[in-house]
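Engineer: quick one, structure for this:
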Amino acid sequence: MKTTENIVKFYEASPGVHTLKELETIGAYANLVRDLVAHGILEEVARGLYRLSTQEEPEHIHFEAIAVAIPQAVFCLLSALTFHEIGTQRPFEYHIAIPKGKRAPQRQDFTIQSYQLSTSSYQAGIEKHGRIKVYSVAKTVADCFKFRNQLGLDVALESLKDVLRNKRASVADLLEMAEVCRVKKVIMPYLESLV
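Structural biologist: Numbering: from 1, shown residues only. Here you go, the predicted structure:
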């Protein structure tokens, strides 16, 4: 029973999604975690990822679950648009960026589309929201232009218009990220026509 109390205290001190490995550091073990799930104390969000069922479910629980399962993942493109509430795109899969040369991660519980980015592009514009890493608004727009052939130019244009209309990023920030993503010449005519 003491271990169960330790688990509850652990979640009170550090709310959100945690792996079995993290729970093992405070004395939990697989059978106990399974029992706690069966008794409704813990909830298995995805395979091997747990949250305290009495805590309020976070708005982006699946983002957090993926972030915990794939620590190098940075949410990008359509997932970043969804996270920042930009445009109308709501993908059925999660878009993540990983460093170039890393193996594309897969999870059975989520459909994941991964993009390998160069070091400078991967590291630029990362924002942290708890354990979730997501690209900034300006970086997300630049990435949409970079991957316009896969996503469609309409997605990139919609995101740019939405961001400018709602003043979610400055023109300077957009140009800086466009430079990092090597799409400055592509985005420039659209920026000039909209500003």
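Engineer: tell me the domain ranges of this protein?
Structural biologist: Annotated domains of the chain cover 2-52, 62-194 [automatic domain parsing].
Engineer: mean pLDDT lowest for which of those domains?
Structural biologist: Here the lowest mean pLDDT among those goes to domain 2-52, at a mean of 89.
Engineer: coming back round to it: I'd like the domains of the chain as a markdown table, with mean neighbour count appended.
Structural biologist: For the C-beta atoms, the positions are set from N, CA and C on the backbone; glycine is no exception. Below are those laid out as a markdown table (neighbours: other C-beta atoms under 10 Å):
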| stretch | mean neighbour count |
| --- | --- |
| domain 2-52 | 16 |
| domain 62-194 | 18 |
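Engineer: tell me who's in contact with the most centrally placed residue in the chain.
Structural biologist: Geometric centre of the chain, nearest residue: Phe75, 3.4 Å, by C-alpha atoms, centre = their mean. By C-beta atoms under 8 Å, 6 or more residues apart in numbering, the residues touching Phe75 are 63, 66-67, 83, 94-97, 132-135.
Engineer: could you single out the nearest of those to Gly48?
Structural biologist: Ile66 (12.3 Å; C-beta to C-beta).
Engineer: now Val8. Nearest residue, chain neighbours left out?
Structural biologist: Sequence neighbours aside, Leu52 is the residue nearest to Val8 in space, at 6.7 Å (criterion: C-beta to C-beta, 6 or more residues apart in numbering).
Engineer: could I get the phi/psi values of the one you found?
Structural biologist: phi -80, psi 120 (degrees, to the nearest 10).
Engineer: so which of the contacts of Phe75 are in helices?
Structural biologist: 63, 66-67, 83 (DSSP state H).
Engineer: would you convert these into a markdown table that also reports distance to Leu164?
Structural biologist: Below are the ones in helices among the contacts of Phe75 laid out as a markdown table (distance: C-beta to C-beta, whole Å):
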| residue | distance to Leu164 |
| --- | --- |
| Phe63 | 25 |
| Ile66 | 29 |
| Ala67 | 29 |
| Phe83 | 19 |
